[in-house]
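# Build me a structure from this.
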Amino acid sequence: MGFGGISIWQILLLIGFVFFIWFSIKIARHSFGFLNKAKESSADPISSANEEEAFDLSDFQFVADRMLSEIDVISTEEEIPLDNRHGSSPLVSEHEFTRTVTNSFIINKKQITDGRIKTSLWTLIETEVQKNLSKSIGVEFGEQVTRRVTVKLEAAPGKLVRYKLIWKQKKREGTALVNVEKKQLQVPYSSTFGLFHAVESMQT
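Sure, this is the predicted structure:
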């Protein structure tokens, strides 16, 4: 049975074929639209990054540096016992010590209340604040400092003396005032630098 020599099965096959073509075109359009959205989405971070990199340096100005504190902090300690409990004359000895540290500088971003500062500006702010402090105190941050010392130690007859060599550094904390995009910002920082020593003793 058919229509004009075309069987029902042929008609059904033709309808199925047309439906398959229509469905394939619809799927292809959907996939193409998704890819376009994905491309646009992946382009957004680049566009955002370019906007941050386009920051005008003339909008940045270093204003002042306010020192809050500067103290001595212990880097490490070394103990040297000198035992002369069984001696009848003074015991004298020399010891050589070497120590290496790095001058460090950090900005405490958590204490900054203005959270609208662009990520790309932090490098600029940190560089400028560090550069100003370095010039002010005559220290190169990131530089290693090595000290070698020779200490002369002595214990009296019948005594045990415990010496302690204490390596110390300067720790300075402060706040830098900078103008960023017409806003004044307080930038708290902490720096550790230099290297010196002290000797303490306890006699028993």
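# where do the strands sit along this structure?
Here the chain has its strands, by DSSP state E, at 2-3, 6-7, 60-84, 91-102, 104-107, 144-155, 159-180, 183-203.
# Nearest to Glu126, out of those?
strand 104-107 (5.2 Å; CB to CB). C-beta coordinates here come from the backbone N, C-alpha and C atoms, glycine included.
# which of the residues in the closest one are buried?
By neighbour count on 16 or more other CB atoms under 10 Å, the buried set for strand 104-107 is Phe105, Ile107.
# Measure how buried the closest residue to Glu77 other than its chain neighbours is and give me the count.
Nearest residue to Glu77 in three dimensions, chain neighbours excluded: Ile166, at 5.2 Å (CB to CB, 6 or more residues apart in numbering). Other residues within reach of Ile166, judged by other CB atoms under 10 Å, total 15.
# how near is Ile166 to Gly174?
Noted for Ile166: a distance of 25 Å to Gly174, by CB to CB, to the nearest Å.
# got it, and Gln203?
41 Å.
# returning to what we had before: Leu121 is nearest to which of the strands of the chain?
Checking the strands of the chain against Leu121 by CB to CB gives strand 159-180 as the closest, at 6.4 Å.
# Can I get that closest one in CSV, CA atoms only?
Provided in CSV are the C-alpha atoms of strand 159-180 (Å, rounded to 0.1, in the frame of the first residue of the first chain):
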residue,chain,number,x,y,z
LYS,A,159,84.8,27.2,87.6
LEU,A,160,82.5,26.1,84.8
VAL,A,161,81.5,29.1,82.6
ARG,A,162,78.6,28.7,80.1
TYR,A,163,79.0,31.3,77.4
LYS,A,164,76.3,32.2,74.9
LEU,A,165,76.9,33.9,71.6
ILE,A,166,73.8,35.7,70.5
TRP,A,167,73.3,36.8,66.9
LYS,A,168,70.9,39.7,66.5
GLN,A,169,69.3,41.8,63.8
LYS,A,170,67.4,45.0,63.7
LYS,A,171,63.6,44.8,63.2
ARG,A,172,61.8,47.9,62.0
GLU,A,173,58.1,48.3,61.6
GLY,A,174,56.4,51.3,60.1
THR,A,175,53.7,52.7,57.9
ALA,A,176,54.2,54.2,54.5
LEU,A,177,51.8,56.8,53.2
VAL,A,178,51.2,56.7,49.4
ASN,A,179,48.7,58.3,47.1
VAL,A,180,47.1,55.8,44.7
